[in-house]
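S.K.: Below are the sequence and a predicted model; questions follow.
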Amino acid sequence: MKIDKDAMLLYAVTDRAWTCNQTLVEQVEAALVGGITFLQLREKNLGYDEFLQEANELKKLTAFYQVPFVINDNVEVALACDADGVHVGQEDMPVEKVRDLIGPDKILGVSAQNVEQAIAAEKAGADYLGIGSVFPTGTKSDAKPMTFETVQEICQSVSIPIVAIGGITKTNILELSGSGVDGVAVVSALFAQSDITAATKELRKLSTEMIGRD
């Protein structure tokens, strides 16, 4: 297994909407200082050159902090910057094709909304799953929240690590206790905060409590 469950504890997904007076790289470093355990760079509107430049900067940062780094959807950029892997959704490139393109040694994360998708992703070569949305979220307004029972069923159906995503905040994260997830993926709960490092430390502590670790 190329990725262990510990890496799922506090998984950060970038969002340029919250940069304000900081650069994305500055925000990510603040989160790395605070203790994120995984980083996904998500850019839907950048041109290739700008995307690659940003990815190269973040690859250096995450390597320094020894945190896995994946690119959302864009296999070309991921390979060009030598990211640790790629994360794809159900509407993106088929999992088997992504695995063929990135090879056996890169991390492949896949989004899943039900047990069938989860099992299929694992069989196709996924190294971990991102499941959700577990709560209502403004990041994906069309996402219907997943029931606690579905979260449990997915966690019981596969053997690869699982991170919950969607609308997770410091006020609701503990509602996932006992679900079987290995951690949480967050966007605005980190990057929309005035003190990203402090928010990261608090969420990491809560995620540790949520999964039942001492």
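M.R.: Sure thing, it's come through.

S.K.: Let me see the contact set for Ala12.
M.R.: Contacts for Ala12 (C-beta atoms under 8 Å, 6 or more residues apart in numbering) come out as 28, 31, 36, 38-40, 185-187, 190-191, 200. All C-beta atoms are positioned from the backbone trio N, CA, C, and that covers glycine.

S.K.: can you check Ile3 too?
M.R.: Counting by C-beta under 8 Å, 6+ apart, Ile3 has contacts 68, 107, 127-128, 161.

S.K.: Check what pLDDT Cys20 gets.
M.R.: Looking at Cys20, its pLDDT stands at 80.

S.K.: what do you get for the one 3 residues further on?
M.R.: Thr23 carries a pLDDT value of 93.

S.K.: what's the longest strand along the chain packed up against?
M.R.: Criterion DSSP state E: the longest strand present in the chain is strand 107-112. Under the contact criterion of 3 or more C-beta pairs under 8 Å, 6 or more residues apart in numbering; DSSP states H and E, strand 107-112 touches strand 85-88, helix 95-102, helix 115-124, strand 128-131.

S.K.: got TSV for these, with mean pLDDT, distance to Ala78 and mean neighbour count too?
M.R.: Converted to TSV, the helices and strands packed on strand 107-112 look like this (pLDDT from 0 to 100; distance: least, C-beta to C-beta, whole Å; neighbours: other C-beta atoms under 10 Å):
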stretch	mean pLDDT	distance to Ala78	mean neighbour count
strand 85-88	98	5	26
helix 95-102	97	7	17
helix 115-124	98	17	17
strand 128-131	98	15	27
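
S.K.: Quick one: closest of the ones you listed to Thr62.
M.R.: Judged by C-beta to C-beta, the one of the helices and strands packed on strand 107-112 that comes nearest to Thr62 is strand 85-88, at 11.6 Å.

S.K.: Packing partners of the helix ranked longest in the chain?
M.R.: Across the chain, the longest stretch assigned as helix under DSSP state H is helix 48-65. Counting contacts by 3+ C-beta pairs under 8 Å, 6+ apart, helix 48-65 packs against helix 24-34, strand 38-41, strand 69-72, helix 75-80.

S.K.: Val186 is in contact with Val163, correct?
M.R.: No - applying C-beta atoms under 8 Å, one finds Val163 not in contact with Val186, separated by 9.8 Å.

S.K.: Mutual contacts of the two, please.
M.R.: Tyr11.

S.K.: Export the helices and strands packed on strand 107-112 to TSV and append columns for distance to Thr19.
M.R.: Below are these laid out as TSV (distance: least, C-beta to C-beta, whole Å):
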stretch	distance to Thr19
strand 85-88	21
helix 95-102	28
helix 115-124	31
strand 128-131	23
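
S.K.: Among these, which comes closest to Asp195?
M.R.: Across the helices and strands packed on strand 107-112, closest to Asp195 is strand 128-131 (C-beta to C-beta), at 25.9 Å.

S.K.: Would you mind identifying the next helix or strand past the closest one?
M.R.: helix 148-157 (DSSP states H and E).
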